[in-house]
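J.: predicted coordinates and the sequence they were generated for:
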Amino acid sequence: MTGLTESIESAEQLAVGWRAMVLDRDADADVRDLPGIAVRWADCRFSFYNCITLTEPGAGADLVAQRLGQAADIMRGKKHPGFLWLFEGLLDDEARAALATAADQAGLQYAFPGRGMAGDLLPVPDPVHPDLTFVRVRTDEHLRSYADLQSRAYGFPLEEGRDGLVGSAHWKSEVYAYLGMRGDVPVACAATVEVQGRLFVAFVATDPQWQRRGYGEAVTRKALHEGARATGLTRATLHATVAGAPVYPRIGFTPNTPIHFYILKE
């Protein structure tokens with residue numbers, strides 16, 4: 001794949017994957033596909049379920065500035081905050097150089113970086129970790145534990161993660177979501193889901209007090225193993241945070257487009 005092709009793949013994985021997640025959370029969620037903009041906004045307290053992204057490959061500086069302004073206006077009309085995900089690989093060189101200024105003028109504030117990754121790496125072996133057993137998310141209790149791990153890892157109040165995930169049937173059936181258990185304590189989690197012929201990895205988290213022990217990598221491998229076994233897919237994709245970025249190449253992922261996360265200025 002070329003860099004642009006991988007960037008398009010990464011953006012489409014978000015747009016398609018998040019559409020299902022957001023509609024599962026709220027059947028009336030805003031999932032509009034506008035010219036150059038995909039809205040995937042549940043308008044709930046879990047900010048990762050409130051998402052908007054730009055979609056035009058090779059977009060130039062003037063067009064990107066226009067789209068950023070439109071996206072910020074949409075975000076201002078929502079009750080709950082969320083993120084604009086910008087896939088840098090979709091922009092032309094001029095737009096990349098002008099991005100910081102354009103985002104500032106649109107009223108957006110840089111939040112944190114990410115990185116798209118993908119690889120034809122499946123299947124992967126069933127993982128073994130000396131500290132962990134793995135449990136698939138099948139009950140409301142499991143899902144609450146999964147949500148709480150998200151909140152702890154990202155510094156959210158517990159109620160925010162729960163507002164996104166608890167009560168979902170989709171997460172207990174269509175998503176290959178796993179908890180890494182240290183005894184009877186959930187310490188890490190990861191999920192995979194089929195999106196456009198790929199196995200999309202999402203919502204990987206480790207409880208901060210149990211980090212740097214290989215738990216996140218182990219539970220990610222479990223979600224990949226079981227998802228690939230169930231679907232027969234061979235290609236996997238993900239969007240990595242800074243914390244996860246060093247882990248995924250060890251599994252077989254190759255980094256591609258940088259991702260810039262923006263929030264509205266306060």
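T.: Ah, there it is. Residues are numbered from 1 along each chain as shown.

J.: identify each buried residue in the lengthiest helix in the chain, please.
T.: Criterion DSSP state H: the longest helix present in the chain is helix 3-25. Within helix 3-25, the residues that qualify as buried by neighbour count (16 or more other C-beta atoms under 10 Å) are 6-15, 17-22, 24-25. Every residue, glycine included, has its C-beta placed from N, CA and C.

J.: run the chain-centre distance for it.
T.: A distance of 9 Å separates the centroid of the chain from that of helix 3-25, by C-alpha atoms, centre = their mean, to the nearest Å.

J.: list the contacts for Ala111?
T.: Counting by C-beta atoms under 8 Å, 6 or more residues apart in numbering, Ala111 makes contact with Phe83, Phe261, Tyr262, Ile263.

J.: quick one: the second one is in a strand?
T.: This points to Phe261. Yes. The assignment for Phe261 is a strand, going by DSSP: H, G, I helix; E, B strand; the rest coil.

J.: show me where the stretch 101-250 of the chain has helices.
T.: In the stretch 101-250 of the chain, the segments counted as helices under DSSP state H, counting those that start in this stretch are 140-154, 158-165, 170-173, 215-231, 248-251.

J.: what is the last one packed up against?
T.: Read that as helix 248-251. Judged by 3 or more C-beta pairs under 8 Å, 6 or more residues apart in numbering; DSSP states H and E, the packing partners of helix 248-251 are helix 215-231.

J.: what sits up against the helix it packs on?
T.: For helix 215-231, using C-beta under 8 Å, 6+ apart, the contacting residues are 121-127, 129, 131-132, 134, 136, 176-180, 182, 187-194, 199, 201, 204-206, 233-234, 236, 244, 247-248, 250-251.

J.: list only those of these flagged as buried.
T.: Buried members of the contacts of helix 215-231, counted by 16+ other C-beta under 10 Å: 121-122, 124, 127, 129, 132, 134, 136, 176-180, 182, 187-194, 199, 201, 204-206, 233, 236, 244, 247-248, 251.

J.: Leu179 contacts Arg138, doesn't it?
T.: No. The criterion here is C-beta atoms under 8 Å, and Leu179 misses it with Arg138 at 10.3 Å.

J.: what separates stretch 42-55 from the chain centre, distance-wise?
T.: Here stretch 42-55 is found 10 Å from its chain centre; the criterion is C-alpha atoms, centre = their mean.

J.: hang on, I meant stretch 224-238
T.: Counting by C-alpha atoms, centre = their mean, stretch 224-238 is centred 16 Å from the centre of its parent chain.

J.: so which bits of it are buried?
T.: Leu224, His225, Glu226, Gly227, Ala228, Thr231, Leu233, Arg235, Ala236, Thr237, Leu238.

J.: put the alpha carbons of it into CSV.
T.: Coordinates of the C-alpha atoms in stretch 224-238 are reproduced here as CSV (Å, rounded to 0.1, in the frame of the first residue of the first chain):
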residue,chain,number,x,y,z
LEU,A,224,-6.6,-10.5,17.7
HIS,A,225,-6.3,-14.3,18.1
GLU,A,226,-10.0,-14.8,18.9
GLY,A,227,-11.2,-12.3,16.3
ALA,A,228,-9.2,-13.8,13.6
ARG,A,229,-10.2,-17.3,14.5
ALA,A,230,-13.9,-16.3,14.3
THR,A,231,-13.7,-14.3,11.1
GLY,A,232,-10.8,-15.7,9.1
LEU,A,233,-9.5,-12.2,8.4
THR,A,234,-5.8,-11.7,7.8
ARG,A,235,-5.4,-7.9,8.0
ALA,A,236,-5.7,-5.9,11.1
THR,A,237,-5.8,-2.1,11.8
LEU,A,238,-5.7,0.2,14.8
